[in-house]
Structures are given as C-alpha cells and as structure tokens.
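Have a look at this prediction, sequence included:
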Amino acid sequence: MFAYSTSGLRVFLGACVVQCVLAGQGFTKGLAIIDAPSAGSPGHAGSILSVAVEVSGNGAMPTDSAFKLLEVFLLSTESGINLTVASGASLIGGEEGSTVKHLNWVVPKCLDPGNYNLTFYETSIIKGEEYFIITPVSIPIINENPSGQCTGLNNLEAQPQVDSPPSDAPFGNASDFTDSDTPDDGSALETRSIPLLAIMLAGLLSCMAMVA
Ligand SMILES: *[C@@H]1O[C@H](CO)[C@@H](O)[C@H](O)[C@H]1NC(C)=O
Ligand SMILES: *[C@@H]1O[C@H](CO)[C@@H](O)[C@H](O)[C@H]1NC(C)=O
Ligand SMILES: *[C@@H]1O[C@H](CO)[C@@H](O)[C@H](O)[C@H]1NC(C)=O
C-alpha cells in the first residue's frame with residue numbers, strides 16, 4: 001500500500017512537472033522554445049530579467065536540425081532603443097549539456113518605462129534547410145526613476161523586420177508572443193489557468209486511481 005502510494009505520487013508529481021512546464025512554454029516558428037519570459041511579464045529596471053530557452057525541442061529535435069545562431073535584443077520603437085541582451089554564442093553556447101539555456105540579464109536603469117520587445121533572432125538548419133526566424137516577445141519595462149544614459153546602443157531598424165521562417169513550425173503552431181494576455185486582461189488569464197487546473201486535476205485523479 002505504501003509502495004503504491006509513493007509510486008503513484010511520484011507519477012503524479014512527474015506528470016505535473018512535465019505538463020506544468022509545457023503549459024508555460026512559448027513556441028517560436030523555429031527551434032527555440034521560450035520558457036521565459038512570457039509575453040506581458042514585466043522587466044524591472046535594476047533587477048534581473050530571467051530568460052530561459054529550451055533548445056532540444058523538448059527532447060524531440062527533428063533530424064538534420066541544429067541552431068547556428070541565437071541572439072537576443074531589447075527593442076522599442078517608442079523609446080528608440082536597440083540594446084544587446086545576448087549576442088554571438090553567449091546564450092546558445094553556454095551551459096554545455098543543458099537542454100535549457102539561461103540568461104540573467106540586469107535591466108539597465110537608463111531605460112524609459114514603456115513597451116518593449118525582447119526579440120529573439122534565430123538562424124537554424126531545420127530538416128536540412130536554413131531559416132532565419134525573428135520572434136518578438138512583448139514585455140513592459142517598469143522604471144520609476146530612469147537614470148543615466150544608455151550606452152552601447154545598436155542601430156534601430158523599423159519593426160517588423162523581414163525573416164524567413166519555415167512554413168510549418170517544427171513543434172506545432174507558434175505561440176502568440178504579443179502581450180494581449182497581460183495579467184490585467186482577466187479573460188486571457190482565465191483561459192491560461194483553466195487547462196493548467198484541468199491538467200493538475202487529471203494528474204491527481206490518475207494518482208488516486210493508482211493508489212486505490
Ligand atoms: C538591433 O541590433 C542588432 C545588432 O546590430 C541587429 O542585428 C538587429 O537587426 C537590430 N534590430 C532592430 C529592430 O533594429
Ligand atoms: C514589437 O514588435 C512588433 C512586431 O515587430 C511591432 O509591431 C511593435 O511595434 C514592437 N513594439 C515596440 C514597443 O517596439
Ligand atoms: C495550427 O493552426 C491551424 C490553423 O489555425 C490548425 O488548423 C491546426 O490544427 C493547428 N495545428 C496544431 C498542431 O495545433
């Protein structure tokens with residue numbers, strides 16, 4: 001009985017860990033799966049913005065597929081900003097052996113508050129073909145006291161920029177990364193939480209079935 005309930009609990013917890021993580025992921029049109037940030041989650045000036053990208057296709061990378069380059073910039077047409085968050089191999093080349101690449105980026109205090117895009121530029125070989133995929137994740141920047149001049153700014157081009165993603169996204173339809181589902185939009189929050197609750201309830205029921 002005890003053995004059953006522990007293994008049941010383990011299955012339930014395992015299922016929850018896998019499904020809860022999947023529920024929060026954002027699928028780009030390329031190989032990158034964005035675990036964090038989600039659209040609408042704010043960056044606070046002077047604090048760390050956590051970026052996490054799944055780079056193994058959740059363990060199901062198609063054949064003849066690999067990243068060539070994955071860079072990240074913080075952009076805003078409103079504020080005239082193009083700031084490097086990760087360039088070259090600093091993100092994709094880090095944490096050898098890990099399927100999730102992390103970045104703890106300190107949001108500079110020089111930024112004006114407002115709407116920004118945390119934009120991922122991916123160059124990848126997908127099923128033998130090379131593609132260039134741009135994914136802007138819409139996030140607000142909160143800054144009550146902008147201070148100092150931003151340095152190291154890049155030239156800002158008009159958005160959206162031209163990319164060439166594959167006609168079929170490798171891991172199903174790409175997610176919506178615009179911030180129409182910010183926390184102050186109650187309806188969107190609801191549709192996000194209901195499946196999560198359903199998944200957890202299903203996990204709990206299967207756990208109870210195993211224990212019984
Ligand atoms: C931002 O700067 C990077 C580096 O120069 C460039 O590759 C990218 O196209 C720029 N993005 C925009 C929207 O200007
Ligand atoms: C974010 O990107 C979208 C799509 O490229 C663009 O329409 C929008 O103006 C950008 N937002 C900001 C604040 O730059
Ligand atoms: C992708 O979107 C299309 C059109 O909205 C839909 O018909 C299709 O079932 C979706 N595919 C997946 C894998 O969700």
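That came through fine. Residues are numbered from 1 along each chain as shown. Ligands and ions are numbered 1, 2, ... in the order given.

can you pull out the helices in the chain?
2-23, 186-211 (DSSP state H).

What separation is there between the residue nearest the centre of the chain and E54?
Geometric centre of the chain, nearest residue: I34, 2.3 Å, by Cα atoms, centre = their mean. According to Cβ to Cβ, to the nearest Å, I34 and E54 sit 8 Å apart. All C-beta spots, glycine's among them, are computed from the backbone N, C-alpha and C.

List the residues that are in contact with both of the two.
Q25 (Cβ atoms under 8 Å, 6 or more residues apart in numbering).

Name all residues that make contact with the residue nearest to the centre of the chain.
By Cβ under 8 Å, 6+ apart, I34 lies in contact with Q25, G26, F27, T28, A52, V53, E54, F120, T135, V137, S175, F177.

redo that, cut-off 6 Å
G26, V53 (Cβ atoms under 6 Å, 6 or more residues apart in numbering).

Just grab the bridge partners of it for me.
G26, V53 (DSSP bridges).

low-confidence ranges in the protein?
1-23, 180-212 (pLDDT under 70).

run the last query once more with 50
By pLDDT under 50, the low-scoring segments of the chain are 1-9, 11-21, 182-194, 207.

Get me the contact residues on it for ligand 1.
The chain has residues F73, L75, N82, N154, N155, L156, E157, Q159, Q161 near ligand 1, with proximity defined as Cβ under 6 Å from any ligand atom.

who are the neighbours in contact with the closest residue to the fifth one other than its chain neighbours?
Pointing back at N155 there. Spatial nearest neighbour of N155, chain neighbours left out: N82 (6.6 Å); criterion: Cβ to Cβ, 6 or more residues apart in numbering. Contact analysis of N82 by Cβ under 6 Å, 6+ apart lists F73, L75, N154, L156.

The chain against ligand 2: which residues are in contact?
L75, S76, T77, E78, N115, Y116, N117, P136, Q159, P160.
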